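Novice: Task: produce atomic coordinates for the following.
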Amino acid sequence: VVIWIVTPIIYYSNTWDSKKMPIILNRAFDINGDFYDSMKVLNKNLLLNETAYEIYGGVRMTAAYAVSYCFVFAAFSAYIVHTILYHGKFIVEQFRMTLSDKRNDIHAKLMSYYPEVSEWCSPLLPGYIMIIAIVINFIMMIPTGVIVAVTNMTLILAVPIEILSSFILPGNPIGFLTLRVYTQSCQYQIIHLLFSFKFAHYMKIPPRITFSMLLTSVIIASIVHYITAIYLLYNV
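Specialist: From the prediction side, this is the model:
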């Protein structure tokens, strides 16, 4: 619907001057349809220069991306409403339940004999940005996790988070990206972490062994990725 019906209508009707740009491309454009040069609107501290921004003009996006943003906001509301209506009662019951509860399935009963991972293994960084990120992740991870568990489709709604980040840190692209990392990227990592623990749950692998292996793999991958990136940057 978005790509084959709505987007062509928006593009060929020249809504928002869409014909100045390609119908779909993941790049930002200026008012003339050229690629947007962000360095023209930033000062030496990489903060927004409002005077230069007013002269250069605002950012434009292609018809496909503009329409997709609209549908993402609709999906954002649908996430929460769907979770409350169809899974709200079940979620409340799960919060009241423990691993030793008789209502748990055989997998949960067998896993209850293994010790859990200690809380100190999940440290939190200080700062108000981290507090905001934690609140956002806490609100969004339940509906996101429900959708992943039911449909096996991972859909991280980045657009609302980006809009919120821009309001919290206006004119600060570095701070914007930092908050985005602590929210959007963390949601990806949380989903993958839960997936790994769920897989280990069904395979009857103790949580502490699973956690230690995940931590080890992250450390190794970080070192390898960094060395590879530096090598490619200076030798290719």
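Novice: And the least confident helix or strand in the chain by mean pLDDT, what does it pack against?
Specialist: Using mean pLDDT, DSSP states H and E, the weakest-scoring helix or strand in the chain turns out to be helix 106-111, at a mean of 72. The contact analysis (3 or more CB pairs under 8 Å, 6 or more residues apart in numbering; DSSP states H and E) places helix 106-111 against helix 186-203. Glycine gets a C-beta too; all of them are placed from N, C-alpha and C.
Novice: Buried residues, the helix it packs on. List them.
Specialist: By neighbour count on 16 or more other CB atoms under 10 Å, the buried set for helix 186-203 is 186-187, 190-191, 193-194, 196-197, 200-201.
Novice: Between those residues, which sits nearest residue 230?
Specialist: Ranked by distance to residue 230 (CB to CB), the buried residues of helix 186-203 are led by residue 186 at 25.2 Å.
Novice: residues contacting that closest one?
Specialist: Residues counted as contacts of residue 186 (CB atoms under 8 Å, 6 or more residues apart in numbering) are 133, 137.
Novice: Could you report the separation of it from residue 90?
Specialist: 25 Å (CB to CB, to the nearest Å).
Novice: now the angle between helix 186-203 and the following helix or strand past the least confident helix or strand of the chain, please.
Specialist: Sequence-wise, the next helix or strand downstream of helix 106-111 (DSSP states H and E) is helix 128-151. Relative orientation of helix 128-151 versus helix 186-203 (axes from the mean of the first three to the mean of the last three CA atoms, to 10 degrees): 50 degrees.
Novice: Show me what helix 128-151 is packed up against.
Specialist: helix 63-95, helix 158-168, helix 173-180, helix 186-203.
Novice: Let me have those helices in CSV, extended by distance to residue 152 and mean pLDDT.
Specialist: Output for those, formatted as CSV (distance: least, CB to CB, whole Å; pLDDT from 0 to 100):
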stretch, distance to residue 152, mean pLDDT
helix 63-95, 16, 83
helix 158-168, 20, 77
helix 173-180, 25, 77
helix 186-203, 10, 84
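Novice: Tell me the spacing between the residue nearest in space to the middle of the chain and residue 133.
Specialist: In the chain, the residue lying closest to the centroid (CA atoms, centre = their mean) is residue 184, at 2.5 Å. Here the criterion is CB to CB. By it, residue 184 lies 9 Å from residue 133.
Novice: The residue nearest to residue 115 when sequence neighbours are not counted is in what secondary structure piece?
Specialist: Ranked by CB to CB, 6 or more residues apart in numbering and with sequence neighbours excluded, the top spatial neighbour of residue 115 is residue 208, at 6.3 Å. Using DSSP H and E, residue 208 maps to helix 207-235.
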